[in-house]
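Trainee: dropping a prediction and its sequence here:
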Amino acid sequence: AQRVTQPEKLLSVFKGAPVELKCNYSYSGSPELFWYVQYSRQRLQLLLRHISRESIKGFTADLNKGETSFHLKKPFAQEEDSAMYYCALRRAGNMLTFGGGTRLMVKP
Amino acid sequence: EAQVTQNPRYLITVTGKKLTVTCSQNMNHEYMSWYRQDPGLGLRQIYYSMNVEVTDKGDVPEGYKVSRKEKRNFPLILESPSPNQTSLYFCASSLSWGAQGGELFFGEGSRLTVL
């Protein structure tokens, strides 16, 4: 069965420090992974997807099939990055399995 | 403005009193879905719909019903709510169900408390 694990419920860093939000998955097929973000008082929204290989708001994520991971990274955290981050795995069609989420707090 | 709209946003009810949470999208999306969000568990899918009159169970469908009579609406029905259904509910939609269905657009959420 497919599963997405985000081991950290809370991650606190200082502004300007590097940040890495961990995501591990288990899936028997060819995985397609996403990061969704929920800023305070806003809707959950797509941040990035691995197939696009893009950098959004300075964040990148690389799919590592050997380690079954899709960690989200940013070299210099900003206060406006404080939010709830969810890693998600496409399991069939457009159905997603979400991880438990990590709350990122960036302190000034 | 393209969006997914849920109502009510907040509701406190009592055990056994039937309620409906409405979801409407104005983007002509085929795929719609309901999730519940609980601390530490992330979002879990309750039901989804691939198109009008086509619905199926997600991971946690017990205690819920849905219908999809029109493309834009996908209400979530709790026939006899229980306290374990206290949660934050999200409706989401995308262009289609398939892998090319595109980004999921989420509503603002409906916080339900069952006493």
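Mentor: Okay, I see it.
Trainee: strands paired with the longest strand along chain B, and their directions?
Mentor: Counting residues, the longest strand in chain B under DSSP state E turns out to be strand B:42-51. Strand B:42-51 has the following strand partners under DSSP bridges: strand B:31-38 (antiparallel), strand B:54-57 (antiparallel).
Trainee: in JSON lines, list those strands along with mean pLDDT.
Mentor: Output for those, formatted as JSON lines (pLDDT from 0 to 100):
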{"stretch": "strand B:31-38", "mean pLDDT": "94"}
{"stretch": "strand B:54-57", "mean pLDDT": "93"}
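Trainee: let's have these in JSON lines, adding mean neighbour count.
Mentor: Glycine gets a C-beta too; all of them are placed from N, C-alpha and C. Shown next, in JSON lines, are those (neighbours: other C-beta atoms under 10 Å in any protein chain shown):
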{"stretch": "strand B:31-38", "mean neighbour count": "24"}
{"stretch": "strand B:54-57", "mean neighbour count": "14"}
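Trainee: how about the nearest residue to the spatially most central residue of chain B, chain neighbours excluded?
Mentor: Centroid-nearest residue in chain B, with C-alpha atoms, centre = their mean: B:W34, separated by 2.8 Å. Leaving aside its sequence neighbours, B:W34 sits nearest to B:I46 (C-beta to C-beta, 6 or more residues apart in numbering or on different chains; 4.3 Å).
Trainee: go ahead and confirm the one you found touches B:P61.
Mentor: Yes: under the criterion of C-beta atoms under 8 Å, B:I46 makes contact with B:P61 at 5.8 Å.
Trainee: more crowded one of these two?
Mentor: B:I46 (25 against 16; other C-beta atoms under 10 Å in any protein chain shown).
Trainee: how much space between the more buried one and chain A?
Mentor: Going from B:I46 to chain A by C-beta to the nearest C-beta, to the nearest Å gives 12 Å.
Trainee: that residue and B:T22, how far apart?
Mentor: B:I46 sits 15 Å away from B:T22, going by C-beta to C-beta, to the nearest Å.
Trainee: kindly report the same for A:A77.
Mentor: 38 Å.
Trainee: quick one: strands adjacent to the worst-scoring helix or strand of chain A on mean pLDDT?
Mentor: The helix or strand of chain A with the lowest confidence, counting by mean pLDDT, DSSP states H and E, is strand A:95-98 at a mean of 87. Strand A:95-98 has the following strand partners under DSSP bridges: strand A:83-92 (antiparallel).
Trainee: quick check: buried residues in the partner strand?
Mentor: The neighbour-count check on strand A:83-92 (16 or more other C-beta atoms under 10 Å in any protein chain shown) flags A:83-91 as buried.
Trainee: so what touches the longest strand of chain B?
Mentor: A:4, A:6, A:44, A:86, A:93, A:95-101, B:30-38, B:55-61, B:64-66, B:68, B:71, B:74, B:76, B:89-90, B:96-97 (C-beta atoms under 8 Å, 6 or more residues apart in numbering or on different chains).
Trainee: go again using 6 Å as the cut-off
Mentor: When contacts are defined by C-beta atoms under 6 Å, 6 or more residues apart in numbering or on different chains, strand B:42-51 is touched by residues A:98-101, B:30-37, B:55-56, B:58-61, B:64, B:66, B:68, B:74, B:97.
Trainee: need the residues of chain A near chain B, please.
Mentor: A:43-44, A:46, A:93-94, A:98-101 (C-beta under 6 Å from any C-beta of the partner chain).
Trainee: sounds good, over and out.
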